[in-house]
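A.B. asks: here you go, sequence then predicted model.
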Amino acid sequence: MSQIEIIKLNKFYTVGDTIIPGVNEVSLNIEQGEFLSVVGHSGSGKTTLVSIVGGILRPTSGQVLYNGCDICELDDNGLSEYRNKKIGFMFQFASLLPILTATENVLLPALFSPDQQQAKDNAEKAQRCLELVGIGEKGLAYPSQLSGGQQRRVAIARALMNDPEIILADEPTGDLDEDTEREIMELFSRINEEQKVTIIFITHNLELARQAKKQIRMHQGIVEELAL
Amino acid sequence: MKKFTFLAVALKNLKRKPFRSGILISAIAILVSLLIFAISFSISVGSSLKKSSDRLGADLIIVPVGARGFAEEFLLESKHTAFYMPKEMIKRVAAIEGIETLTHQTYLSSISGLCCDILPTRIIAFDPENDFIIKPWLQGSLGRPLQRGEAIAGFGTNENLGLGLLAVETTIFNNKFKIVGVLEQTGTGLDNALFMTEENLAAIIESGKSPLKKGEISIIFAKVKKGADPDYVGRVVEGSIVDVDVVARSNMGEKFLNVLADINKIFLISITLSSLLTIFLVWAIFSAIANERAKEIGIMRAIGAKESHITKLFFLEVLTLGIIGSLIGVAAGTLLAFWLVHTFTLIKTISAQLNLVHQLVIAVAGLILGSGICVGGALLPINRIKKMEPLLVIKEE
């Protein structure tokens, strides 16, 4: 059984009288520990597909089976727990809360987890996550005091806080310079190899996409090819 | 590191816009202080009136016809008024069925410089033989009956009259009097008068400085027989003696209570309008907050926050604002009630003080209303933001 089985997935957006397909009859299997890149033009359905897999968007029809369980059938609480325990998100912008320090941003997923809320070693774990991404000394810094690359690292540390099985990254290096971009990708590779976390990342950059072990291209909501 | 909790996040959120938080806290504080002041005012005046009439210890008050208002002003408000009726009224009232005991008093107002060396005050002459109004307060203060040429000051008059130390000699209506004591506090208009026995009146009348004539009294206090209805007996007295007006204990301060009811209506309208305005303000500000933080809420939802977590976070913010605002309002309202209540002419001279239990109940009511209004105003924006689909708010620019 695959970790993720996507079966005949559809997502249509309605704009006025027009129905626009976001994801159109997509079926796809993703195995545990896979490092998958998703490429495609703007509006091709990459973000829609990954968002449905991550449980932050509900499909129009179809199934997304996580270890055999259809997450589309979950209610809001069930879906929130799925996102909290199984998924680590990274977005195409610096998605940190500006009022919280780096450590507090990393601690956020634990705050929303009933199991983690009472854990006494949360702060230590957050520090370990920050050290893992190479900014252990920046725990007390606020996002405004960090560079773009450091902010992305904090976001990765936050994604790792609840020991997720899947990390979903939507153009995580979009506005970073080449060196930082490379460092972030190396970090993903290391996490994928060392922690066996499934990583699915979206990018426009074919060069970056090739660093993944498996690639898919999307066009007009359809998965066109499984290799570049 | 301090424990990372929802409250910690809520407080950090409030600190990011201190001016806006301050505006909300101020609005709540003003509303609650208005409420506290209004309730304190209303309760203190109402209860003071009741206490005052109860403390007089009479079931009926009988005054010359047309002097009912003057009597209430004299007894409740400590106003300087004089009204007289023939002393034989005592016998006529005593003859009415249902009357058990009677006592009477005569009122004078001193005029500074002309006849007296004390500041203008009210003087009450009573008959020690049948008195039951003054005696309970006099026994503890003096410990012996008041003698001719002696006077005793009401609890609140000592400083007002400029008497200074006790045992001083003073001139009242060209007669020398020795102030021998201070009456215990009664919580009535008696606190603002000077007392002497009736035997001194003859000399005062002889001085020619007072409007009082021989054989006149001001007021009769009556107790009715056990089981008799004071209102009924009062109506019988009025029906039998056309020259008098009768005020039953339950009707004392009626004029005040009517005015108070109107004031309460004004307070109620003001508080209702202020509450609506505050709810609207909270709604507008939290709508703006919800829009500002839409992306942050989306991120929190994406990393696992449930709708209930978002609600909890916002409610903690709202409650913090509400509680801080309410506490400030309670303190400000209590101080206002304490300081301003006596600037109202209506109750200037009434002893209008609340006990601790009343104050606590009013404070809790203010706290609940302030916090409740804050929560009520924020309810719609919170409900809207928590229902938003995470991806849509995250991608919203």
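C.D. replies: It's in.

A.B. asks: immediately after the helix or strand of chain A with the lowest mean pLDDT, which helix or strand?
C.D. replies: Lowest on mean pLDDT, DSSP states H and E among the helices and strands of chain A sits helix A:114-117, with a mean of 67. Per DSSP states H and E, the first helix or strand lying C-terminal to helix A:114-117 is helix A:122-132.

A.B. asks: buried residues of the helix or strand following that next one, list them for me.
C.D. replies: As assigned by DSSP H and E, the chain's next helix or strand after helix A:122-132 is helix A:148-160. Under the neighbour-count criterion of 16 or more other Cβ atoms under 10 Å in any protein chain shown, helix A:148-160 has A:Gly149, A:Gln150, A:Gln151, A:Arg152, A:Arg153, A:Val154, A:Ala155, A:Ile156, A:Ala157, A:Arg158, A:Ala159, A:Leu160 buried. Glycine gets a C-beta too; all of them are placed from N, C-alpha and C.

A.B. asks: which elements pack onto helix A:148-160?
C.D. replies: Counting contacts by 3 or more Cβ pairs under 8 Å, 6 or more residues apart in numbering or on different chains; DSSP states H and E, helix A:148-160 packs against strand A:87-90, helix A:102-111, helix A:122-132, strand A:166-170, helix A:178-195.

A.B. asks: can we see that at 7 Å?
C.D. replies: Other elements packing on helix A:148-160 under the criterion 3 or more Cβ pairs under 7 Å, 6 or more residues apart in numbering or on different chains; DSSP states H and E are strand A:87-90, helix A:102-111, helix A:122-132, helix A:178-195.

A.B. asks: can you list contacts of the shortest one?
C.D. replies: Residues external to strand A:87-90 that are found in contact with it (Cβ atoms under 7 Å, 6 or more residues apart in numbering or on different chains): A:54-55, A:155-156, A:159-160, A:164, A:166-170, A:172, B:302-303.

A.B. asks: still on that earlier bit, mind putting the helices and strands packed on helix A:148-160 into a markdown table with distance to B:Val233, mean neighbour count and mean pLDDT?
C.D. replies: Formatted as a markdown table, the helices and strands packed on helix A:148-160 follow (distance: least, Cβ to Cβ, whole Å; neighbours: other Cβ atoms under 10 Å in any protein chain shown; pLDDT from 0 to 100):
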| stretch | distance to B:Val233 | mean neighbour count | mean pLDDT |
| --- | --- | --- | --- |
| strand A:87-90 | 85 | 27 | 91 |
| helix A:102-111 | 73 | 25 | 94 |
| helix A:122-132 | 79 | 19 | 90 |
| helix A:178-195 | 95 | 16 | 86 |
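
A.B. asks: which element is B:Gln359 on?
C.D. replies: Counting by DSSP H and E, B:Gln359 is part of helix B:356-387.

A.B. asks: how close does the spatially closest residue to B:Glu238 that is not a sequence neighbour sit to B:Gly227?
C.D. replies: Nearest residue to B:Glu238 in three dimensions, chain neighbours excluded: B:Val246, at 4.9 Å (Cβ to Cβ, 6 or more residues apart in numbering or on different chains). According to Cβ to Cβ, to the nearest Å, B:Val246 stands 19 Å off from B:Gly227.

A.B. asks: also B:Pro145?
C.D. replies: 32 Å.

A.B. asks: out of those two, which sits in the busier spot?
C.D. replies: A direct count of neighbours by other Cβ atoms under 10 Å in any protein chain shown for B:Pro145 and B:Gly227 places B:Pro145 higher, at 12 against 6.

A.B. asks: grab the nearest non-local neighbour of the more buried one.
C.D. replies: B:Pro128 is the one closest to B:Pro145 (Cβ to Cβ, 6+ apart), at 5.7 Å.

A.B. asks: follow-up on the earlier one: which two from the contacts of strand A:87-90 end up farthest apart in space?
C.D. replies: Taking Cβ to Cβ as the measure, the contacts of strand A:87-90 span a maximum distance of 19.3 Å, between A:Gly55 and A:Ile156.

A.B. asks: return the residues of chain B in contact with chain A.
C.D. replies: Applying Cβ under 7 Å from any Cβ of the partner chain, one finds that chain B approaches chain A through B:1, B:4, B:6, B:12-13, B:16, B:296, B:299-307, B:309, B:389-391, B:394.

A.B. asks: from the centroid of chain A, which residue is nearest?
C.D. replies: In chain A, the residue lying closest to the centroid (Cα atoms, centre = their mean) is A:Leu168, at 1.5 Å.

A.B. asks: partner residues bridging that one?
C.D. replies: Legend: beta-bridge partners of A:Leu168 under DSSP bridges are A:Phe89, A:Ile200.

A.B. asks: I'd say it and A:Gly54 touch.
C.D. replies: Yes: counting by Cβ atoms under 7 Å, A:Leu168 touches A:Gly54, with 4.6 Å between them.

A.B. asks: which strand or helix spans the one residue in chain A that gets nearest to chain B?
C.D. replies: Minimum separation of chain A from chain B (Cβ to the nearest Cβ) falls at A:Asn84, amounting to 2.4 Å. Element membership for A:Asn84, per DSSP H and E: helix A:76-86.

A.B. asks: restrict that helix to CA atoms and write it as PDB.
C.D. replies: The C-alpha coordinates for helix A:76-86 follow below in PDB (Å, rounded to 0.1, in the frame of the first residue of the first chain):
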ATOM      1  CA  ASP A  76     -12.600  19.700  10.200                       C
ATOM      2  CA  ASN A  77     -11.200  18.400  13.400                       C
ATOM      3  CA  GLY A  78     -10.000  15.200  11.800                       C
ATOM      4  CA  LEU A  79      -8.400  17.100   9.000                       C
ATOM      5  CA  SER A  80      -6.700  19.500  11.400                       C
ATOM      6  CA  GLU A  81      -5.300  16.600  13.400                       C
ATOM      7  CA  TYR A  82      -4.000  15.000  10.100                       C
ATOM      8  CA  ARG A  83      -2.300  18.300   9.200                       C
ATOM      9  CA  ASN A  84      -0.900  18.700  12.700                       C
ATOM     10  CA  LYS A  85       0.500  15.200  13.100                       C
ATOM     11  CA  LYS A  86       1.300  13.900   9.700                       C
END
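
A.B. asks: quick one: distance of that helix to the chain centre.
C.D. replies: On the basis of Cα atoms, centre = their mean, to the nearest Å, helix A:76-86 sits 14 Å off its chain's mean C-alpha point.

A.B. asks: excluding its backbone neighbours, what's nearest the closest residue to chain A within chain B?
C.D. replies: Nearest residue of chain B to chain A: B:Gly304, at 2.4 Å (Cβ to the nearest Cβ). In space, B:Gly304 comes closest to A:Asn84 once its chain neighbours are excluded; the distance is 2.4 Å by Cβ to Cβ, 6+ apart.

A.B. asks: do the same with A:Ile184
C.D. replies: Per Cβ to Cβ, 6+ apart, closest to A:Ile184 is A:Thr173, 5.1 Å.

A.B. asks: residues touching the one you found, list them.
C.D. replies: A:Glu181, A:Ile184, A:Met185, A:Leu208.

A.B. asks: count of neighbours near B:Phe280?
C.D. replies: That count, for B:Phe280 with other Cβ under 10 Å as the rule, works out to 12.

A.B. asks: I should have written B:Asn264 there, sorry.
C.D. replies: B:Asn264, neighbours per other Cβ under 10 Å, totals 16.

A.B. asks: measure stretch B:219-237 end to end?
C.D. replies: Using Cα to Cα, to the nearest Å, the end-to-end distance of stretch B:219-237 comes to 14 Å.

A.B. asks: run through who's touching that stretch.
C.D. replies: Under Cβ under 7 Å, 6+ apart, the answer for stretch B:219-237 is B:56, B:58-63, B:71, B:89-90, B:93, B:96-105, B:133, B:244, B:246, B:248-250.
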